[in-house]
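Colleague: Have a look; sequence and predicted model below, questions after that.
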Amino acid sequence: MQASSLKIDGAFEFTPRTFPDDRGVFVSPYQEAAFTEAVGHPLRVAQTNHSVSRAGTIRGIHYADVPPSQAKYVFCPRGSFIDVIVDIRVGSPTFGQWDAVLVNAEKCNAVYLAEGLGHAMIALEDDTTMNYLCSTVYNPSGEHGLTPLDPALDLPWPRELEFLLSEKDTSAPTLAEAYEAGVLPRYEDCLALYASLKA
């Protein structure tokens with residue numbers, strides 16, 4: 001398993017070895033030892049999520065209150081998508097910046113994003129399947145969103161695709177509006193949470 005840090009602190013890409021043969025392919029998308037070595041603590045899995053999306057479907061930008069927030073380990077059993085991590089932690093040196101990773105079934109790579117980061121994706125093919133390992137259960141009262149079409153963020157959505165968004169994501173505020181409303185995670189709270197996970 002190869003692990004690499006992304007440009008947003010707390011985000012990583014993991015790429016496992018694949019073992020193809022005449023029957024198909026075998027792969028282990030999540031490996032605890034490699035994850036713990038890279039991130040500094042094991043991933044507590046409280047819930048798994050599974051989504052199937054048409055080409056052009058955008059999900060996000062989603063985030064959760066800190067604490068406890070929700071860390072995510074995301075991979076693609078079928079199809080391909082662009083996974084985007086946005087630093088929305090007020091006070092972070094990279095606040096307002098983002099990084100993106102092409103995640104696909106052929107490579108079977110995965111993206112991990114720590115608590116307090118914003119997450120979005122766009123499906124590049126029909127029937128793109130996305131699996132999430134989540135550190136906490138879904139908490140509707142603590143879940144929030146930002147519009148993925150925020151012009152100030154200018155996220156890397158391929159313009160040749162026809163975008164499909166939920167009504168909730170379409171009507172979500174911009175990063176600047178959420179900042180003014182005081183609903184974004186604070187970097188200092190995130191750092192305290194990360195330290196507790198490594199204790």
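Modeller: Great, that's in hand.

Colleague: Report how many residues lie close to the spatially closest residue to Asp9 that is not a sequence neighbour.
Modeller: Nearest residue to Asp9, sequence neighbours excluded (CB to CB, 6 or more residues apart in numbering): Thr94, at 6.8 Å. Glycine gets a C-beta too; all of them are placed from N, C-alpha and C. A count of nearby residues for Thr94, using other CB atoms under 10 Å, gives 15.

Colleague: What strand or helix carries Thr94?
Modeller: Here Thr94, judged by DSSP states H and E, is contained in no helix and no strand.

Colleague: My understanding was that it contacts Asp87; is that so?
Modeller: Yes - contact criterion CB atoms under 8 Å: Thr94 and Asp87 qualify, at 4.5 Å.

Colleague: do you know how far Pro67 is from Glu125?
Modeller: The spacing between Pro67 and Glu125, counted by CB to CB, to the nearest Å, is 36 Å.

Colleague: Return the distance of the helix or strand hosting Thr48 from the chain's centre.
Modeller: Thr48 is part of strand 47-53, with elements assigned from DSSP H and E. Remark: strand 47-53 is offset 12 Å from the chain centroid, using CA atoms, centre = their mean, to the nearest Å.

Colleague: how about the CA coordinates for that strand, as PDB?
Modeller: Extracted C-alpha coordinates of strand 47-53, given in PDB (Å, rounded to 0.1, in the frame of the first residue of the first chain):
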ATOM      1  CA  GLN A  47     -20.600   3.500   9.600                       C
ATOM      2  CA  THR A  48     -20.200   2.600   5.900                       C
ATOM      3  CA  ASN A  49     -21.900   4.400   3.100                       C
ATOM      4  CA  HIS A  50     -22.500   3.400  -0.500                       C
ATOM      5  CA  SER A  51     -23.600   5.600  -3.400                       C
ATOM      6  CA  VAL A  52     -24.200   5.000  -7.100                       C
ATOM      7  CA  SER A  53     -24.100   8.100  -9.400                       C
END
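
Colleague: and that strand, which strands flank it?
Modeller: Its sheet considered, strand 47-53 pairs with strand 128-134 (antiparallel) by DSSP bridges.

Colleague: Contacts for the strand it pairs with, please.
Modeller: 29-30, 43, 45-55, 57, 59, 70-81, 105, 121, 123 (CB atoms under 8 Å, 6 or more residues apart in numbering).
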